[in-house]
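S.K.: here you go, sequence then predicted model.
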Amino acid sequence: MDKTTVILGGVYGVIVLIMISVFVLEPMKMDGTGQFQIFSNNLEKFNLGPKLSLADLFAKSDDGVVQVVVRKTGDNATDRSIGSGIVYDSFGNIITNNHVVENYQKIRVIFHDGKSYDARVVGTDPFADLAVIKVDSAFQELHPLQLGDSSKLRIGDQVVAIGSPFGLTGSMTSGIISQVGRLLNPPNISFSIPNVIQTDTAINPGNSGGPLLDMNGDVIGINTAIQSDTGEFSGIGFSIPSNTMKKIVPVLIRDGHYKHPWLGVSGVSVDPDFAGLVGLGVKHGFLIQNVVPDSPASKAGLQGYKETKTIDGIQYKIGGDIIVGIDSIEVNKLEDMLNYLQDSKSVGDKINLKIIRDGKPTTSDLVLQERPNQAQ
């Protein structure tokens, strides 16, 4: 093939591409079918927009991350606990974990440039492990980070953590979203934290309260816990999602306290193995074993276990109502119910439960109350 043939082939290809553009792309824009809009929506769904490099992301975000140094009640003069925090607004409000500042005697916030200020606690929420502290710093020190939309996270999305692991300020690590919608059971708290993000981004002591960032530099979580036998990172970290922060943090700033909606039941998730083992008539749902007296569930007449069955030396409480739906949401396990209440409901809201009682479907309405300090 000579050069002329190659050039003509290129021109021919261009003509074909132009014809495709005329006969395919133009009808998508003009025929009113919505095809072009659907394509655009898919691009947005899969987060195919421009992303920052790791270096640019750090440069954009680091000045919005602070170190939180806490002297706790009972500590001696040299004992300090170190965590991280996120600058929330230009008024000096900073988000961190409740466990970072609980039992505090004195709190000191250190900014990326080394300047430090005393901080006071504005509000705390141990049930979501969130706290807001405030500094009276110079305005130019405050560089708020943008809270992103954690509902758009996908497993495999790249993320970054910035904080002070082992007191090393301004440290960045990267990884991916390993899973979403996890249930976290923190120590010394009777209730689980729902809808938690799981990541393989390295998180160590001192990272608590710092941001988990997407590749646009938006905060999509606050780093809270790790799963480890040694107390150091072993591949699994957990973050409270930004949408939970969006709901709770403004209330903490306004009221100092957040009221979590509460049903007043305890029990176990149902799966096919468990259902077959104890002889349940459904393969998914949440089996109520105990109903708290004077709770919304009690007032609505929900029923706990009626008998125990011993199998291979293990006692199982059975015979209670099985929740299989809440409003329009299907309940396959406990997480489904708790995630829905956390994200979509407030104290005083009315909900409709779909339950299986004695093998028959029925419904029950109840009004959510504020969660008590301790489970009963």
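M.R.: Here it is on my side, so go on. Numbering: from 1, shown residues only.

S.K.: what ranges do the helices span in the stretch 101-250 of the chain?
M.R.: 242-255 (DSSP state H, counting those that start in this stretch).

S.K.: low-confidence ranges in it?
M.R.: Where the stretch 101-250 of the chain drops to pLDDT under 70, the residues are 227-234.

S.K.: strands of that one, residue ranges please.
M.R.: Secondary structure of the stretch 101-250 of the chain, counting by DSSP state E, counting those that start in this stretch: strands at 104-110, 116-125, 130-135, 158-163, 171-184, 193-199, 211-213, 219-226, 237-241.

S.K.: convert the third one to CSV, retaining C-alpha atoms only.
M.R.: In this case it means strand 130-135. These are the backbone C-alpha positions of strand 130-135, laid out as CSV (Å, rounded to 0.1, in the frame of the first residue of the first chain):
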residue,chain,number,x,y,z
LEU,A,130,-19.6,12.4,65.8
ALA,A,131,-18.7,15.6,67.6
VAL,A,132,-18.4,19.3,66.7
ILE,A,133,-15.7,21.4,68.4
LYS,A,134,-15.1,25.1,67.8
VAL,A,135,-12.0,27.4,67.7
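
S.K.: residue contacts, the spatially most central residue of the chain?
M.R.: Residue closest to the average C-alpha location in the chain (CA atoms, centre = their mean): Pro241, at 2.5 Å. Contact analysis of Pro241 by CB atoms under 8 Å, 6 or more residues apart in numbering lists 150-151, 153, 180, 195-197, 220-221. Every residue, glycine included, has its C-beta placed from N, CA and C.

S.K.: is the nearest residue to Arg154 once chain neighbours are set aside in a bridge, and if so with what?
M.R.: Closest residue to Arg154 apart from its sequence neighbours, by CB to CB, 6 or more residues apart in numbering: Ile177 at 6.7 Å. Beta-bridge pairing for Ile177 (DSSP bridges): Thr199.

S.K.: just Phe238 next, same as before
M.R.: With DSSP bridges as the rule, Phe238 is bridged to Gln198, Ala225.

S.K.: same check, this time on Leu184
M.R.: Ile193.

S.K.: my guess is it contacts Asn223, does it?
M.R.: No. Assessed by CB atoms under 8 Å, Leu184 is found out of contact with Asn223, at 12.0 Å.
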